[in-house]
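Enquirer: Okay, predicted coordinates and the sequence, questions at the end:
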Amino acid sequence: MARVKRMTADASSPVDVLSRALDQAAQVLGDVRPEHRELPTPCREWTVGRLVDHLVAAPGHFVTMMRGGEPDWAAEPEHLDAGWAEAFRSAAGELARAWQERDDAASAGADWQTAEFAVHTWDLARGIERPTGDLDPEVARRGLAFMRANLTADNRGAAFGPEREAPAGATAYDQLAAFAGREA
């Protein structure tokens, strides 16, 4: 399996954590099968298929933003019947190149992207009943820190429900999911 090229030399830098988030999203996408597409996910009102389409489109949206454009996040993304992991890896590679082109690797942008991929990777894993114990906890912690600093009750929108209490002994991903309004 091809991995996204590491974007920095510092394993804890925001951009490197984003790189790891992209790698694991691709791995989980690789576990999706056509028969999973109609299954529900913790992401309200989204099936596995709709979440897969959104996840595959997300790196391209972020690249558009990084280059000064305004992506239409509300538009239905392109639907693929197969090849989700490969399509995602290609788009993630473009996102990695966009980060490499930046002079100012602003952590807020990378952390926002990490939060997006962390939450939706967890959503997807839960939707296909894939264990989440192998997911990188630093990705979840970085995404959760960003969300706690930036996601308020007023700007949660349709994607995030009210914060839930994480269960006792919750993993980093379960804490992230609870903050995002998902049931862990």
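Expert: Thanks, I have it. All values reported here derive from a predicted model rather than from experimental measurement.
Enquirer: check contacts around the residue nearest to R130 when sequence neighbours are not counted.
Expert: The spatial neighbour of R130 that comes closest, neighbours along the chain excluded (C-beta to C-beta, 6 or more residues apart in numbering), is D31 at 5.3 Å. In this view, the C-beta of every residue, glycine as well, is placed from N, C-alpha and C. Taking C-beta atoms under 8 Å, 6 or more residues apart in numbering, we find D31 in contact with A125, I128, R130.
Enquirer: And D31, what's its pLDDT?
Expert: Confidence at D31, expressed as pLDDT, is 97.
Enquirer: And A105, by the same measure?
Expert: pLDDT, A105: 53.
Enquirer: what about the spatially most central residue of the chain, distance to D154?
Expert: When C-alpha atoms, centre = their mean is applied to the chain, the residue found nearest the centroid is F117 (0.9 Å). The spacing between F117 and D154, counted by C-beta to C-beta, to the nearest Å, is 24 Å.
Enquirer: just E138 next, same as before
Expert: In terms of C-beta to C-beta, E138 sits 29 Å off from D154.
Enquirer: between the two, who's got more neighbours?
Expert: More crowded of E138 and D154, by other C-beta atoms under 10 Å: E138, with 17 against 6.
Enquirer: Might you calculate how far the biggest helix by length in the chain sits from the centre of the chain?
Expert: Secondary structure of the chain per DSSP state H: the longest helix is helix 107-127. Put simply, helix 107-127 sits 3 Å off its chain's centre (C-alpha atoms, centre = their mean, to the nearest Å).
Enquirer: ok, now stretch 90-105?
Expert: Worked out by C-alpha atoms, centre = their mean, stretch 90-105 lies 16 Å from the chain centre.
Enquirer: again, but for stretch 120-128
Expert: Worked out by C-alpha atoms, centre = their mean, stretch 120-128 lies 10 Å from the chain centre.
Enquirer: what about it, average pLDDT?
Expert: pLDDT averaged over stretch 120-128 gives 97.
Enquirer: pretty sure V15 is touching W99, no?
Expert: Yes. If you go by C-beta atoms under 8 Å, V15 and W99 touch, sitting 5.2 Å apart.
Enquirer: Could you pull up the residues touching the residue nearest to the residue nearest to the centre of the chain when sequence neighbours are not counted?
Expert: Leaving aside its sequence neighbours, F117 sits nearest to A21 (C-beta to C-beta, 6+ apart; 4.1 Å). For A21, the contacting residues are Q113, T114, F117, A118, T121, D136, V139, G143, by C-beta under 8 Å, 6+ apart.
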